[in-house]
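give me the fold of what follows.
(2 chains)
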Amino acid sequence: MLRTHTCGELRAEHAGSTVTLCGWIQNRRDHGGLCFLDVRDRYGVTQVVVEPDADAAARGEAQRARLEWVVRVSGTVRARPAGSRNEDRATGAVEVVADAFDVLNAAEPVPVAVTGAERSSEDLELKYRYLMFRRAELRDALLRRARVNHAVREHMVSRGFCEVETPSLLKSTPEGARDFVVPSRVHPGQFYALLQSPQLLKQLLMIGGMDRYWQIVRCFRDEDLRGDRQPEFTQLDVEMSFGAESDVQDVAESLVHRLLREVAGADVPRPFPHVSWADAMSRYGSDKPDLRFGLEIADVTEIAARSAFAVFRDVVAAGGVVRAIAVPAKHAMTRKDLDALPAVVVDRGLKGVAWTKIASPDWTGPAGKHFAPELRETLRSALGAEEGGTILFVAGPKEQAVPASGDVRLHLGNLFGLRDPKVFAPVWIDRFPLFDWNADENRWDSAHHPFTAPVEEDIPLLDSDPGKVRAKAYDLAMNGLEILGGSIRIHDPALQRKVFTLIGLSDEQVEARFSWFVEALRYGTPPHGGFAMGMDRIVAVLGGTSAIRDVIAFPKTTSATDLMTGAPSPVEERQLRELGIRLA
RNA sequence: GGGGGCGUAGCUCAAUUGGUUAGAGUACCGGACUGUCGAUCCGGUGGUUGCGGGUUCGAGUCCCGUCGCCCUCGCCA
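Down below sits the predicted model:
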């Protein structure tokens, strides 16, 4: 190696030893006779000092070196004089007195901010992604991600799971997310789809008797993006045979618990709480609630209907709901805070957020005066609201008001600073509905995916009331993000066929799309289930962010482009000809 | 596909109601300086105000279109 030590490892006890460091110039402070240079590598930053009596060549090179140049420095480690130690830096007790100073490579001025509190615009940071690896934030995220990967591997292996790789090129299925499609040269006019998820493949591994499978796998979905969604993303995929929901959850929960402890240094008590999907929607207005704070939502439709408030009465008369959040007195809300609330719900098609302050002698605000004194008492005790607090109301059709109330709750969490990125609140959400009603197509859709098993006691409802059937499905939410999701799968061919029928798939359609899978179910399928965990999201949330872009080495933009390479881009006419493709 | 925000020097930002030659910090270049760690001090180079059109005596500023990034609704079994 060109170096004896990294820039992160020298301490007071190294004083007196002769060392050689390699790294990038992070900062230089040139006093003329005396020159300080901070040299950085992945491991840290070390101060190099070039003194007036140093070798002339070394002095010249040190004077010439500029920010982000690559250098090699040899010298003696020295404890810094008292009063000039840098307490903010691990190597701050020492400095390297340079004997030799070589420029290994000069650098042009970098086009993005590589050091300091100032950040460049996000598109520049994406274009010059490789320079961002020099920043602590991204470097630490990638290191954290590597630790997560390592812990996952150790955990799965120690529990007897077998790592199996599956293909990325496979058959397109029209359900679910849009496929990324790959043309076949050997079969002109025919296409592969890039893997959306190894769901069916891992089930086949169970049918084949592999018993316990895991894999960290890249998945591709051609849908519009968000901060927590990339066109390609990484999943931990797990499946096991002969286990109940609790067995699968134990594998997942112990893993997440371990990651929280080893990677985030957080000791979260087990078992993690369980909340049914119905309760989560009702109390938090979300199927991935942030449980770092309370501010639970209550349904006050009945009480609001008895008020004199025309807005509420009209909503209730139209079959809508009124939801309320009691904000304790300690979270005082200014008029400005209250005026900002309508913007939170306008995206859901609601007009505003009514409010009242529980003051004495009178309740103030637009909603309060419409409640008679006895009704106020009813409302107040229903919400457990306290004197001096504020009650916020979200009213509208259930499909809009429920998620809107969840949005308001999250907004309040941000407003009151209750979403501490160092706090972790995992929660299991279970008992999802098996189906959602698809009004456009007049049929049921699978809420999770069509291979999810129903709760046994609900199986009779498949014929009478499919909307009431609950699924053996479970998600783990943490800090408002869905971290992982899974289910027990259907292993009975007859039941599988029935579910296909309910979601409007004819025998012919099933045959055309899934015959290879449905046939497999007939050859001795063990009861099985599993889960998939979003690796990008777990690494993000462990680091206190929700933008998975921040934990992916080379991410794409929200329009699925790669600003560094310029993908996607046109291809040569010759390539198209070879594939039998003509552009419209 | 819909809604919103942003786009000015290499980088981060400023520029009054539409009004002089578009400024500052930093980087870079030159000079001074022996204990700095955002070093300091002096001087300098650096601009198609994203792009195109329009209104106006005059546009960074107003209008229309377009491109890019970010947020969001739909979408994501």
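
list the helices and strands whichever strand or helix holds residue A:143 packs on?
In this structure, residue A:143 sits in helix A:136-158 according to DSSP states H and E. Helices and strands touching helix A:136-158, by 3 or more Cβ pairs under 8 Å, 6 or more residues apart in numbering; DSSP states H and E, are strand A:162-163, strand A:212-220, helix A:245-264, helix A:535-542. C-beta here means a position set from N, CA and C on the backbone, and glycine is covered the same way.

out of these, nearest to RNA strand B?
strand A:212-220 (8.9 Å; Cβ to the nearest atom of the strand).

confirm residue A:130 sits in a helix?
Yes: if the criterion is DSSP: H, G, I helix; E, B strand; the rest coil, then residue A:130 is within a helix.

give the contact list for it.
residue A:564 (Cβ atoms under 8 Å, 6 or more residues apart in numbering).

the one 4 residues further on now?
For residue A:134, the contact set (Cβ under 8 Å, 6+ apart) comprises A:24, A:40, A:68, A:114, A:115.

out of those, who's nearest residue A:551?
residue A:114 (18.8 Å; Cβ to Cβ).

tell me how far the residue nearest to the closest one when sequence neighbours are not counted lies from residue A:140.
Distance criterion Cβ to Cβ, 6 or more residues apart in numbering; nearest residue to residue A:114, sequence neighbours excluded, is residue A:134 at 4.8 Å. Applying Cβ to Cβ, to the nearest Å, the value for residue A:134 to residue A:140 is 12 Å.

closest one of the contacts of residue A:134 to RNA strand B?
Using Cβ to the nearest atom of the strand, those come closest to RNA strand B at residue A:68, 7.7 Å.

is stretch A:524-540 anywhere near RNA strand B?
No: using Cβ under 7 Å from any atom of the strand, stretch A:524-540 stays clear of RNA strand B, with a minimum separation of 8.4 Å.

got the buried residues for that stretch?
A:525, A:527-540 (16 or more other Cβ atoms under 10 Å).

tell me where the stretch 51-200 of chain A has strands.
Counting by DSSP state E, counting those that start in this stretch, the segments of the stretch 51-200 of chain A that form strands are A:70-79, A:94-105, A:162-163, A:169-170, A:181-183, A:191-194.

would you tell me which residues of the stretch 251-400 of chain A are close to RNA strand B?
So the stretch 251-400 of chain A meets RNA strand B at A:347, A:348 (Cβ under 7 Å from any atom of the strand).

setting the sequence-adjacent residues aside, check what's closest to the residue of the stretch 251-400 of chain A found nearest RNA strand B.
Nearest residue of the stretch 251-400 of chain A to RNA strand B, counting by Cβ to the nearest atom of the strand: residue A:347, 4.0 Å away. Spatial nearest neighbour of residue A:347, excluding adjacent residues (Cβ to Cβ, 6+ apart): residue A:407 at 7.7 Å.

check residue A:316 too.
residue A:305 (4.3 Å).

same question, residue A:160
Nearest to residue A:160 is residue A:212, by Cβ to Cβ, 6+ apart, at 5.4 Å.

what's near enough to touch the one you found?
A:159, A:160, A:161, A:162, A:239, A:240, A:241.

same check on residue A:431?
A:276, A:277, A:278, A:455, A:470, A:471.

swap in 6 Å and give it another go.
Residue A:431 makes contacts with A:276, A:277, A:470, as judged by Cβ atoms under 6 Å, 6 or more residues apart in numbering.

how close does the closest residue to the first one other than its chain neighbours sit to RNA strand B?
Which is residue A:276. Nearest residue to residue A:276, sequence neighbours excluded (Cβ to Cβ, 6+ apart): residue A:431, at 4.3 Å. For residue A:431, the distance to RNA strand B equals 16 Å [Cβ to the nearest atom of the strand, to the nearest Å].

show the pLDDT at residue A:431.
pLDDT for residue A:431: 93.

residue A:450 in helix, strand or coil?
Residue A:450 - assigned by three-state DSSP - is coil.

phi, psi for it please.
In terms of degrees, to the nearest 10, the main-chain angles of residue A:450 are phi -70, psi 0.

ok, now the one 4 residues further on?
For residue A:454, the backbone dihedrals (degrees, to the nearest 10) come out as phi -80, psi 160.

who does it bridge with?
Per DSSP bridges, the residues bridged to residue A:454 are residue A:471.

quick one, what contacts residue A:583?
Counting by Cβ under 6 Å, 6+ apart, residue A:583 has no contacts.

can you count the residues close to residue A:143?
Residue A:143: 11 surrounding residues under other Cβ atoms under 10 Å.

ditto for residue A:216
17.

quickly list what it is bridged to.
Beta-bridge partners of residue A:216, as defined by DSSP bridges: residue A:236.

I'd like to know how far it sits from residue A:538.
Using Cβ to Cβ, residue A:216 is found at 12 Å from residue A:538.

partners of the helix or strand where residue A:436 lies, with directions?
For residue A:436, the host element (DSSP H and E) is strand A:435-438. Strands that pair with strand A:435-438, judged by DSSP bridges, come out as strand A:443-446 (antiparallel).

done for today, thanks.
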